[in-house]
Each structure stands twice: as structure tokens, then as C-alpha cells.
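# could you work out the structure for the sequence below:
(chains A and B)
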2 protein chains.
Amino acid sequence: MPQVVGRQYKEILKKYLESHSEEDLYVGQQFSRRFIEKEIAPEDVISIHKSALLELHPELQDEVWDSLDFLIEMMIHYGFTLRERQSLIRKQE
Amino acid sequence: MPQVVGRQYKEILKKYLESHSEEDLYVGQQFSRRFIEKEIAPEDVISIHKSALLELHPELQDEVWDSLDFLIEMMIHYGFTLRERQSLIRKQE
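Purely as a prediction, here's the structure:
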């Protein structure tokens, strides 16, 4: 599953990087709903993003990949908080 | 407040991009707890990241900034879901 999602993400990102259109940006926003339904953590979104960008633009400088690694770390507590809140809601139901 | 956080984020990111050390990565991860406490949305983290990287490495290619704009859109539903779960928990308390 993550591979399929990663491939789809790459296609949508590629389209946006070529078109810069609001519509393609919106496609991305809608696509992210599916990520949440599949319980893909926000830190995994950054990983998927990094892999997609690496395939599309391997020529980008090291700072780009390093800074995305940093961003993955920044998102870990967001992922944790999302799961924690979900589990609190389930307990209260 | 967002300006202060943005400045601090830039400093931490800068240190990590220079050192590549696990410790500096960990500083970032810890710093993100404060973001969550201050209810900074995940899409705003990407914005803060973009601004910091732009100040540190304005020479990076257009694809970097465009791809971060795309990532901001991807995070919007995550931010929404976080707030929604928080408000559900508050209602049930």
C-alpha cells in the first residue's frame, strides 16, 4: 500500500511542479484526506514527499534532503498527538 | 509569537544543516513539542520551515519552494483532523 500511495503522490506532485495550477494543488489537498483515512502519519507524509522529490529531482542540493530529514523529526510529535487523541476518543465512546 | 518561534526554528535548523548530528536532530524533535503546546498547526510548521530555509538557502531551486507549497496543502487536513479530535475530546470531558 505505501508504495502505491507513494507512486500516486509522485504523479500528483509532478503535475503540480509542471503546472503550478491551483487545481493541481487542490488535487493534492484532496489526496491528503485518503492519507488520513489510511492512518498515514504526518511524518510519513514528509518521507513520501522526500522520496517523490528525490525521484523527480535528484539533482537538488544536499540541504534539501537534510532539511526534509529535519522536518520528519519535527512531525513525529504531531503524529503521536494525532494517534493519542484518536485513542482517547475511542476510549470515551 | 510566530516570529519568535520562526527565528528559533531557523537557528535549530541551521545548526542541524551544519552539524548533521543526531543531537541537533533531537533538539528539533523536542522543539516540536512546544509547537504542539502552542497549537501551531502542522501546515504552519511547513510554512515556518519554508521561510527558515529560504532565509538560510535562498539559492535553492524553484522546485524546492514549489514542492513545499504543495506539502503545506497536504498538511491542511492533518491540521483540521488534529483540531477536530481535540474539540471532540473537550466535548466529551
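# for the residue of chain A found nearest chain B, grab the count of nearby residues.
In chain A, the residue found nearest to chain B is A:Arg85; the distance is 3.7 Å by C-beta to the nearest C-beta. Yep, even glycine has a C-beta here, placed from its N, CA and C like the rest. Per other C-beta atoms under 10 Å in any protein chain shown, the neighbour tally for A:Arg85 reads 19.
# list the residues that contact the closest residue to it other than its chain neighbours.
Leaving aside its sequence neighbours, A:Arg85 sits nearest to B:Arg85 (C-beta to C-beta, 6 or more residues apart in numbering or on different chains; 3.7 Å). By C-beta atoms under 8 Å, 6 or more residues apart in numbering or on different chains, the contact list for B:Arg85 reads A:Leu82, A:Arg85, A:Gln86, A:Leu88, A:Ile89.
# now the helix or strand hosting B:Arg85, how far from the centre of its chain.
Assessed by DSSP states H and E, B:Arg85 sits inside helix B:62-92. Taking C-alpha atoms, centre = their mean, to the nearest Å, one finds helix B:62-92 lying 11 Å from the centre of the chain it belongs to.
# buried residues, it. List them.
For helix B:62-92, a neighbour-count test (16 or more other C-beta atoms under 10 Å in any protein chain shown) marks B:63-64, B:66-82, B:85, B:88-89 as buried.
# remind me what the helix or strand A:Leu53 falls within packs against, helices and strands.
Taking DSSP H and E as the criterion, A:Leu53 maps to helix A:42-56. Judged by 3 or more C-beta pairs under 8 Å, 6 or more residues apart in numbering or on different chains; DSSP states H and E, the packing partners of helix A:42-56 are helix A:2-19, helix A:62-92, helix B:62-92.
# so which of those helices gets nearest B:Leu56?
Ranking the helices and strands packed on helix A:42-56 by proximity to B:Leu56 (C-beta to C-beta) places helix A:62-92 first, at 7.7 Å.
# if we can go back for a sec, let me know the pLDDT of the residue nearest to A:Arg85.
B:Arg85 carries a pLDDT score of 94 in this model.
# same check on the one 3 residues further on?
The score at B:Leu88 is 92. That number is its pLDDT.
# which residues are in contact with the closest residue to it other than its chain neighbours?
Using C-beta to C-beta, 6+ apart and skipping residues adjacent in sequence, the residue nearest B:Leu88 is A:Ile89, 5.4 Å away. Contact analysis of A:Ile89 by C-beta under 8 Å, 6+ apart lists B:Arg85, B:Leu88, B:Ile89, B:Gln92.
# one step back: out of the helices and strands packed on helix A:42-56, which comes closest to B:Phe35?
Using C-beta to C-beta, these put helix A:62-92 closest to B:Phe35, at 7.5 Å.
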